[in-house]
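Asks: Prediction below, plus the sequence it came from.
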Amino acid sequence: MAHIVAEPCVGCKFTDCVEVCPVNCFYEVGDRLYIHPDECIDCTACVPVCPVEAIFAEGDLPEKWTSFVAENRDGCASATNITAKKEALGKDKPECKGIGKK
């Protein structure tokens, strides 16, 4: 089972998760990140480092964000693999301060 990047990442795009991923399965496009479902090894290293709590095991994904399963899968096809941390888009946005699972 792969992990999914969901709604809280959109517009925020913190890349702390990229630094800890042992298989470089993160992809970026525009204002969001995706996890490639065939490359993710389900190690969970990315989950605790996401400041907006946007990463979920597919089985734990809140129902309101189920569309992100297909979005992560399909989005990787047109996205660029990201292997190093970058400046976050939303570091100063109130909506990017610890939302997600809470």
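Replies: That came in fine, so what should we check first?

Asks: And stretch 44-59, what's buried?
Replies: Residues of stretch 44-59 classed as buried: Ala45, Cys46, Val47, Cys50, Pro51, Val52, Glu53, Ala54, Ile55, Phe56, Glu58 (neighbour count, 16 or more other CB atoms under 10 Å). For the C-beta atoms, the positions are set from N, CA and C on the backbone; glycine is no exception.

Asks: again, but for stretch 16-33
Replies: Quick answer for stretch 16-33 (16+ other CB under 10 Å): Cys17, Val18, Cys21, Cys25, Phe26, Tyr27, Glu28, Arg32, Leu33.

Asks: How far away from the center of its chain is it?
Replies: 7 Å (CA atoms, centre = their mean, to the nearest Å).

Asks: Also stretch 23-41?
Replies: Mean-position distance between stretch 23-41 and its chain equals 7 Å (CA atoms, centre = their mean).

Asks: Equivalent analysis for stretch 80-97, please.
Replies: Per CA atoms, centre = their mean, the centroid offset for stretch 80-97 relative to its chain is 10 Å.
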